[in-house]
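Engineer: No sequence on hand, only this structure:
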Ligand code: ADP
Ligand code: ZN
Ligand code: ZN
């Protein structure tokens, strides 16, 4: 990137400039630097990184539009006033606002409802007073109308949003407004980290632990980590807020590398919910529901309150089984069972999205006695309708909210109290404020305790607490009931009897003794091919080169990925690991140069994932 007067490249290899699209460069020096660093760190081609940083409409051979429509500022009859802060909140604001002109990473570890958002809002006010811009990053599913409304009700400044529901045109306008300093606050999901903001004063990453900040294919960057880099480069504070901070962030905070603030109590007087564990071993379960939980649901509904049930599995049933021979319906392209869906009636693969009609009989022996095992949200809904026929039910998952506008409608029904029984996947875990929910039921907490992904228990704990955080947020006390087959599990005990910090500390000890992140740096080398041995052969070769380059890097594999086959391809991986981040970077650079010269006969898709957050 850049220009040169001289070159050693032969003339016939040079291309001529066809057209100059824009008189001034599209990307500012600061965004270019960010892209360059990201391309380097994630070992991804710079060209693709630059494209990812631009709105789609600017990736074409067209000049930048000259006039940008103004950003509407909502008319406010009575703008919401800032709240009187409690001591803990004051301390955070004091610390951050007295060091606005230098780089700092600030972790706000505060339980749900502890007033983190209020802290963000008041810091934003200080920055607006200084005529600066603010970037707020949020996970996709928590960028709800409610979240945006809270910002709009507080500030009379132009606010733009950037997320997957935006039309390309809206996205372009938001990007241009930010770049032209016509938007003061940008609220966006992962890719908004690349928004040009000439007067950027701070970056806020809300729910910083959320895995959706990491891109899972192509350019595999982590928006939170880029936010930290960008804040460092711009010499401004970055704020990482969460009720359940990632182990990476907690570890660095405990080590003193980040400033750490704790908000252990709910602001505004609401109490944290009480936890109860339901031992479901040997208990009679009606469609997955224990008598204890059914009784609790009944009494909370009778008291006129709302009940929220969390089940992180959409569809009707995850297993279609032949009672005669044991055959199970599997996706023809993946190592994955097909999920039976009722509306519309189909079998669906939740890995590759393949969808097919439901067979009338077993595909193997032809017997007609097929059964459906396990439970998804659709089945849970039916079961509850049977038990509580007079209570309207709202279901929030990817299927029930597919049509535009349905999500808003369901949320409204919940807010108005039209629906008092709510069922949902992780979609309900975040961002929503349901003041009348007094009971949260976790239908199945066992899946995360025994997964082969080393982050599964961290995720489970985060998810349980996020969902639990929906209970009793207003003046009514809340209760959380968790069904499990492993009531004595130490992690479940820590989580429910102590707090997230104790839970996280125990996980950190485990990670340390297993030499896993955040105590080491990881890079995952993926390879996929139609024939498993092609991918294996390729990875063995990579491993040989790796060994010859640096013996201090531990290289494990090749092993099949957790999802060993997806969309017709066999997937294998090598895990590269070292306590030294810099060393891993240097090593990867040399390794990738060596691999570029190595070609295989068959088509192999391969990629490197630096700091992977999922091992699937
Ligand atoms: P979080 O972002 O941590 O979930 P919020 O900022 O949304 O917490 O605050 C939770 C509730 O408490 C909100 O209704 C908010 O208006 C209220 N709240 C926050 N700070 C205060 C305060 N200092 N005094 C009174 N109420 C507060
Ligand atoms: Zn059969
Ligand atoms: Zn599939």
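Structural biologist: Right, received. Where do you want to start? Small disclaimer: the values here were computed from a predicted structure and weren't measured. Ligands and ions are numbered 1, 2, ... in the order given.
Engineer: and residue 401, what pLDDT?
Structural biologist: Per-residue pLDDT puts residue 401 at 85.
Engineer: let's have the chain start at 25 instead
Structural biologist: Okay, using 25 as the starting number, the last item reads as residue 425.
Engineer: Phi, psi for the residue nearest to it when sequence neighbours are not counted please.
Structural biologist: In space, and not counting its chain neighbours, residue 425 is closest to residue 431: 4.1 Å by C-beta to C-beta, 6 or more residues apart in numbering. Bear in mind the C-beta positions are built from the backbone N, C-alpha and C, glycine included. As for residue 431, its main-chain torsions (degrees, to the nearest 10) stand at phi -60, psi -50.
Engineer: so residue 431 sits right up against residue 421, yeah?
Structural biologist: No: at 10.4 Å, residue 431 does not count as touching residue 421 under the criterion of C-beta atoms under 8 Å.
Engineer: So the two - more neighbours on which side?
Structural biologist: residue 421 (22 against 18; other C-beta atoms under 10 Å).
Engineer: Can the longest strand anywhere in the chain be said to contact ligand 3?
Structural biologist: The single longest strand within the chain, with elements called by DSSP state E, is strand 578-590. No: against ligand 3, strand 578-590 shows no contacts by C-beta under 5 Å from the ion, the least distance being 6.5 Å.
Engineer: between the helix or strand following that strand and strand 578-590, how big is the angle?
Structural biologist: The helix or strand immediately downstream of strand 578-590 is strand 593-602, counting by DSSP states H and E. Counting by axes from the mean of the first three to the mean of the last three C-alpha atoms, to 10 degrees, strand 593-602 lies at 160 degrees to strand 578-590.
Engineer: so, in contact with ligand 3 or not, strand 593-602?
Structural biologist: No: legend: contact between strand 593-602 and ligand 3 by C-beta under 5 Å from the ion is lacking; minimum distance shown is 10.7 Å.
Engineer: how far is the longest strand of the chain from where the chain is centred?
Structural biologist: 23 Å (C-alpha atoms, centre = their mean, to the nearest Å).
Engineer: Can you spell out which helices and strands pack onto that strand?
Structural biologist: On a contact count with 3 or more C-beta pairs under 8 Å, 6 or more residues apart in numbering; DSSP states H and E, strand 578-590 meets strand 545-553, helix 556-573, strand 593-602.
Engineer: From the rest of the structure, what touches that strand?
Structural biologist: Applying C-beta atoms under 8 Å, 6 or more residues apart in numbering, the contact partners of strand 578-590 are 357-360, 375-376, 476-477, 549-552, 556, 559-560, 563-564, 567, 570-571, 594-602, 639-640.
Engineer: Who does it pair with, and is each partner parallel or antiparallel?
Structural biologist: strand 593-602 (antiparallel) (DSSP bridges).
Engineer: where's the helix or strand immediately after the partner strand in the chain relative to the chain centroid, distance-wise?
Structural biologist: Sequence order places helix 605-620 as the next helix or strand after strand 593-602, per DSSP H and E. The chain centre lies 28 Å from the centre of helix 605-620; the measure is C-alpha atoms, centre = their mean.
Engineer: Up against ligand 2, what does this structure have?
Structural biologist: So far as C-beta under 5 Å from the ion goes, the chain lies against ligand 2 at 346, 348, 349, 351, 386, 388, 389, 391.
Engineer: show me what contacts the last one?
Structural biologist: Residues near residue 391 by C-beta under 8 Å, 6+ apart: 346, 347, 348, 349, 385.
Engineer: count of neighbours near the spatially closest residue to residue 511 that is not a sequence neighbour?
Structural biologist: Among residues not flanking residue 511 along the chain, residue 303 sits closest, at 4.3 Å (C-beta to C-beta, 6+ apart). If you count neighbours by other C-beta under 10 Å, residue 303 ends up with 14.
Engineer: Then residue 42?
Structural biologist: So residue 42, with other C-beta under 10 Å, has 7 neighbours.
Engineer: domains of the protein?
Structural biologist: 35-83, 111-292, 294-341+398-535, 545-634 (automatic domain parsing).
Engineer: Nearest spatial neighbour of residue 388, chain-adjacent residues omitted?
Structural biologist: Closest to residue 388 by C-beta to C-beta, 6+ apart is residue 351, at 4.0 Å.
Engineer: Next, give phi and psi for the closest residue to ligand 3 within the stretch 375-524 of the chain.
Structural biologist: Residue of the stretch 375-524 of the chain nearest ligand 3, by C-beta to the ion: residue 376 (3.3 Å). Main-chain torsions, residue 376, degrees, to the nearest 10: phi -110, psi 0.
Engineer: That one against residue 595, yeah?
Structural biologist: No: Residue 376 is beyond contact range of residue 595, at 11.9 Å (criterion: C-beta under 8 Å).
Engineer: These two: who's more crowded?
Structural biologist: residue 595 (22 against 18).
Engineer: For beta bridges, what are the partners of that one?
Structural biologist: Bridge pairing for residue 595 - DSSP bridges - gives residue 552.
Engineer: Could you check how far it is from residue 323?
Structural biologist: 48 Å (C-beta to C-beta, to the nearest Å).
Engineer: buried stuff in the longest strand of the chain?
Structural biologist: 579, 581, 582, 584, 585, 589, 590 (16 or more other C-beta atoms under 10 Å).
Engineer: hang on, the earlier thing: is it possible to export the helices and strands packed on strand 578-590 to TSV including mean pLDDT?
Structural biologist: What follows is the helices and strands packed on strand 578-590, written out as TSV (pLDDT from 0 to 100):
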stretch	mean pLDDT
strand 545-553	94
helix 556-573	92
strand 593-602	94
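Engineer: So for ligand 1, which of these sits nearest?
Structural biologist: Judged by C-beta to the nearest ligand atom, the one of the helices and strands packed on strand 578-590 that comes nearest to ligand 1 is strand 545-553, at 30.8 Å.
Engineer: Residues contacting that closest one, please?
Structural biologist: So strand 545-553 is contacted by 540, 559, 562-563, 566, 581-582, 585, 590, 593-605, 608, 612, 626-636, 639 (C-beta under 8 Å, 6+ apart).
Engineer: same thing with stretch 292-309?
Structural biologist: 135, 137, 139, 289-290, 314-317, 464, 492, 495-499, 501-509, 511, 516, 519-521.
Engineer: Can you give me the first-to-last residue distance of that stretch?
Structural biologist: The first and final residues of stretch 292-309 sit 39 Å from each other (C-alpha to C-alpha, to the nearest Å).
Engineer: about what we covered before: so of the residues of the chain next to ligand 2, which ones are in strands?
Structural biologist: Per DSSP E, the subset of these in strands is residue 346.
Engineer: buried subset of the residues of the chain next to ligand 2?
Structural biologist: Buried among these (16+ other C-beta under 10 Å): 346, 351, 386.
Engineer: Please render those residues as JSON lines that adds distance to ligand 1 and pLDDT to the earlier fields.
Structural biologist: Compiled in JSON lines, these are given as follows (distance: C-beta to the nearest ligand atom, whole Å; pLDDT from 0 to 100):
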{"residue": "346", "distance to ligand 1": "48", "pLDDT": "94"}
{"residue": "351", "distance to ligand 1": "47", "pLDDT": "95"}
{"residue": "386", "distance to ligand 1": "50", "pLDDT": "94"}
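Engineer: So for residue 496, what's the pLDDT?
Structural biologist: At residue 496, the pLDDT recorded in the model is 67.
Engineer: what do you get for residue 622?
Structural biologist: 69.
Engineer: so what's the closest residue to ligand 2 within the stretch 125-274 of the chain up against?
Structural biologist: Residue nearest to ligand 2 within the stretch 125-274 of the chain: residue 240 (35.7 Å; C-beta to the ion). For residue 240, the contact set (C-beta under 8 Å, 6+ apart) comprises residue 638.
Engineer: helix, strand or coil for it?
Structural biologist: Secondary structure for residue 240, judged by DSSP: H, G, I helix; E, B strand; the rest coil, is coil.
Engineer: Thank you kindly, that will do.
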